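A.B. asks: Following is a predicted model, sequence given first.
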Amino acid sequence: MQEKRELSRRKLMGGVAAAIGYAGMPNRLWAQAPAAQTPPAGGGATPARAQRPRVTPEEYDALAKLSSNENPYGPPESVMKAMTNAFKYANRYGYPDGNIVEELAKHHDVKPENILLGAGSGEILEVVGTTFLQGGKKVIGVEPSYSSVYQHAAGIKADAIKLALKDDYRQDIPLLIRTTRKNYRDIGFVYLCNPNNPTGIVVTKQEVKQLLDGIPEDMPVLIDEAYHHFVADPSYATSVPYVLEGRPVIIARTFSKIVGLAGMRLGYAVAPKPLIDSMRPHTVGSINAIVKWGGVAGLKDTATQEHVKKTTIALRQQTMADLKALGYETIPSETNFFMVAIKTKVEPIIEEFRKKKVAVGRPFPPMNEHLRVSIGTPDEMARFLVAFKEIFATKQQAS
Ligand code: PLP
């Protein structure tokens, strides 16, 4: 019976896949495909409960995975140990959880009441949307940015005001202030991705202050610091101190990037208590025992975090220099990814990479001639560069 059901399910999926061109190994990572229970891919073109293409484990393993801004090294030894130990709670509900909330509060010098856990920061972003977009309110932010926020808004029938980036790809803070003030009554919250995904550019601490001082003081601001740990630019600073001042800011953080726990799903918000209290009823509470212990260990393993940061930055600089030597400009990045201007439409190029078993980026309109590349292992970056040279050598010959 089970087998029969499985067969007809597979038949159905096969039919759907064939109909939309996904019969074999999918080569359009960002496209809509049969539903799969995988978390969001770190670029935001896919919503949290993403419709993602199916790949076999073998196909997946064979890819250089440079499309989702993951940590290619995986969780460190300290985190693996803590998680392995926590498996003994797998059959329990009221298990000790390593005091994850208290540990996070201590880490940020706030109270436990200022912390809200999510199954990835993706859940936090959605909870903010659900909480603050009630009654036909809109979210305002830039485009391109982490589009899950806008997609979630669309999913709950809320609108988004998306502002263009400046010519240098920075976020236009004066424009953000002006437009927020003009539409004050309609706006539910401001979304600031810092550093921004997909550009990798920071909003400086002065600009964050300018924004918070320039908009109505009761306007909630969601500041997404998913890539905080990779930033080296001293003009950037976390916005957590604004929480202590009682400003209506919600800082979103994740264990998916620096700690390497994307598949385990852990993120959190830091915000003033009244905001946390209004958001909490919208959370699902689906964080598991294993990752809570992993999170506590990861938070404390600052040596590994520093190592991942250093290695990532060195590889990013090297790859960008290699591309420059080939005549391709990149956007300076403060994250574990960067964008390269490829002087041609990005969609077919992504397909070309895919054929060479290198998964990169996805389109980030309106930056349709930029390719976003995550920083993987040295081996993955070498495979990327070989593929890049092959693809663009053919292009140059053709033109
Ligand atoms: N925010 C940004 C800017 C991201 O790029 C991502 C994922 O790539 C997320 C949030 C969500 O990450 P997660 O749900 O894994 O914490």
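C.D. replies: Received, thanks.
A.B. asks: If you average pLDDT per helix and strand, which one of this protein comes out bottom?
C.D. replies: For the chain, scoring each helix and strand by mean pLDDT, DSSP states H and E identifies helix 2-19 as the least confident one, at a mean of 34.
A.B. asks: any idea which helix or strand comes after the longest helix anywhere in the chain?
C.D. replies: Assignment by DSSP state H gives helix 302-325 as the longest helix of the chain. The C-terminal neighbour of helix 302-325 among helices and strands, as given by DSSP states H and E, is strand 330-331.
A.B. asks: Please identify the pairing partners of the helix or strand just after that next one and their relative orientation?
C.D. replies: Under the assignment DSSP H and E, the closest C-terminal helix or strand after strand 330-331 is strand 337-341. Paired neighbours of strand 337-341 in the sheet (DSSP bridges): strand 330-331 (antiparallel), strand 370-374 (antiparallel).
A.B. asks: in the stretch 251-399 of the chain, which segments are predicted with low confidence?
C.D. replies: Low-confidence segments of the stretch 251-399 of the chain, defined by pLDDT under 70, are located at 395-399.
A.B. asks: Run through the residues of it sitting next to the ligand.
C.D. replies: Within the stretch 251-399 of the chain, the positions adjacent to the ligand are 254, 256, 262, 267 by CB under 6 Å from any ligand atom. C-beta here means a position set from N, CA and C on the backbone, and glycine is covered the same way.
A.B. asks: Let's have those in a markdown table, adding neighbour count and secondary structure.
C.D. replies: Shown next, in a markdown table, are these (neighbours: other CB atoms under 10 Å; DSSP: H, G, I helix; E, B strand; the rest coil):
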| residue | neighbour count | secondary structure |
| --- | --- | --- |
| 254 | 26 | strand |
| 256 | 25 | coil |
| 262 | 22 | helix |
| 267 | 24 | strand |
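A.B. asks: Grab the two from those residues that are most spread out in space.
C.D. replies: By the measure CB to CB, 262 and 267 form the most distant pair in these, at 10.1 Å.
A.B. asks: Please identify every residue contacting each of these two.
C.D. replies: Listed contacts common to residue 262 and residue 267 are 120, 256; contacts here mean CB atoms under 8 Å, 6 or more residues apart in numbering.
A.B. asks: one step back: comparing the strands paired with strand 337-341, which stretch has the densest surroundings?
C.D. replies: Among these, ranked by average contacts under mean count of other CB atoms under 10 Å, first place goes to strand 370-374 (a mean of 27).
A.B. asks: what's the angle between it and helix 302-325?
C.D. replies: Angle, strand 370-374 to helix 302-325, by axes from the mean of the first three to the mean of the last three CA atoms, to 10 degrees: 150 degrees.
A.B. asks: re earlier: tell me which other helices or strands the longest helix of the chain touches.
C.D. replies: Applying 3 or more CB pairs under 8 Å, 6 or more residues apart in numbering; DSSP states H and E, we find helix 302-325 packed against strand 330-331, strand 337-341, helix 378-398.
A.B. asks: Relative to the whole chain's centre, how far out is the shortest one?
C.D. replies: Averaging C-alpha coordinates over strand 330-331 and over its chain gives two centres that are 19 Å apart (CA atoms, centre = their mean, to the nearest Å).
A.B. asks: before we move on, what about stretch 252-262?
C.D. replies: The chain centre lies 9 Å from the centre of stretch 252-262; the measure is CA atoms, centre = their mean.
A.B. asks: Show the residue spans covered by the strands in this structure.
C.D. replies: Per DSSP state E, the chain has strands spanning 64-66, 115-118, 138-143, 160-164, 187-193, 221-224, 249-254, 267-270, 330-331, 337-341, 358-360, 370-374. These are given in chain order.
A.B. asks: orientation of the longest helix of the chain relative to helix 378-398 in degrees?
C.D. replies: Inter-element angle recorded for helix 302-325 and helix 378-398: 20 degrees (by the same axes, to 10 degrees).
A.B. asks: how does the protein divide up, domain by domain?
C.D. replies: The record's domain parsing of the chain by automatic domain parsing lists 11-73+304-398, 77-300.
A.B. asks: just those domains: most buried one?
C.D. replies: Among the domains of the chain, highest average neighbours (mean count of other CB under 10 Å) belong to domain 77-300, with a mean of 19.
A.B. asks: ok, back up a step: using CSV, lay out the strands of the chain together with distance to residue 289.
C.D. replies: Conversion of these to CSV gives the following (distance: least, CB to CB, whole Å):
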stretch, distance to residue 289
strand 64-66, 27
strand 115-118, 12
strand 138-143, 33
strand 160-164, 36
strand 187-193, 30
strand 221-224, 27
strand 249-254, 19
strand 267-270, 16
strand 330-331, 40
strand 337-341, 31
strand 358-360, 31
strand 370-374, 29
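A.B. asks: which ones are touching the nearest residue to residue 372 once chain neighbours are set aside?
C.D. replies: For residue 372, ignoring the flanking residues on the chain, the nearest one in space by CB to CB, 6 or more residues apart in numbering is residue 361 at 3.7 Å. Residue 361 makes contact with 43, 66, 67, 198, 346, 350, 371, 372, 373 under the criterion CB under 8 Å, 6+ apart.
A.B. asks: Against the ligand, how distant is the second one?
C.D. replies: Distance of residue 66 to the ligand, given as CB to the nearest ligand atom, to the nearest Å: 13 Å.
A.B. asks: same thing with the fourth one?
C.D. replies: Using CB to the nearest ligand atom, one obtains 8 Å as the distance from residue 198 to the ligand.
A.B. asks: what does the stretch 51-200 of the chain put close to the ligand?
C.D. replies: Near the ligand, when you scan the stretch 51-200 of the chain using CB under 6 Å from any ligand atom, you find 69, 120, 121, 122, 146, 193, 197.
A.B. asks: quick one: which of these is nearest to residue 392?
C.D. replies: When these are compared for distance to residue 392, the smallest value, 22.9 Å, is given by residue 69; criterion: CB to CB.
A.B. asks: low-scoring stretches of the stretch 51-200 of the chain, by residue?
C.D. replies: Residues of the stretch 51-200 of the chain that meet the cut-off, pLDDT under 70, sit at 51-53.
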